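Trainee: just coords:
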């Protein structure tokens, strides 16, 4: 099985930056899709960014391009989410997710999920 553990969430001022980490353990060699999602109170969980380890290509929610960057190590065990110019509307629980095959950035295409890390942005 696969376990995902997120870290790095905290309170940050609007305009600030934050980097989240997600460490995968277990049977990680078969993971070819890893991504970040977020869920704000009262809202549905939405896609943030994903990486296809087969190609190295990254994908983003269109509205977050330019502010958020997903990256990871070549052993497919850790991914990061660099978030810049944070806004109050970026506040949410951020989840890491993974799947054996990369299909899309949609949450429905991810099997394994972490417990999430809270990001709070003060105005």
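Mentor: That came in fine, so what should we check first? Source: prediction; values computed, not measured.

Trainee: tell me the contacts of residue 10?
Mentor: By C-beta atoms under 8 Å, 6 or more residues apart in numbering, residue 10 lies in contact with 18, 118-120. C-beta: built from backbone N, CA, C; applies to glycine.

Trainee: Try it again at 10 Å.
Mentor: By C-beta atoms under 10 Å, 6 or more residues apart in numbering, the contact list for residue 10 reads 18, 20, 117-120.

Trainee: likewise residue 93?
Mentor: Residue 93 touches 6, 9, 37-41, 45, 115-119, counting by C-beta under 10 Å, 6+ apart.

Trainee: Low-confidence bits of the chain, can you list those?
Mentor: The chain contains residues with pLDDT under 70 at 74, 76.

Trainee: about what we covered before: can you tell me which of the contacts of residue 93 has the largest number of neighbours?
Mentor: Counting neighbours by other C-beta atoms under 10 Å, residue 37 leads those with 25 neighbours.

Trainee: tell me the SS of that one?
Mentor: strand (DSSP: H, G, I helix; E, B strand; the rest coil).

Trainee: partners of the residue positioned nearest the centre of the chain in the sheet?
Mentor: Centroid check for the chain by C-alpha atoms, centre = their mean gives residue 36 as the closest residue, at 1.9 Å. Beta-bridge pairing of residue 36 under DSSP bridges involves residue 49, residue 96.
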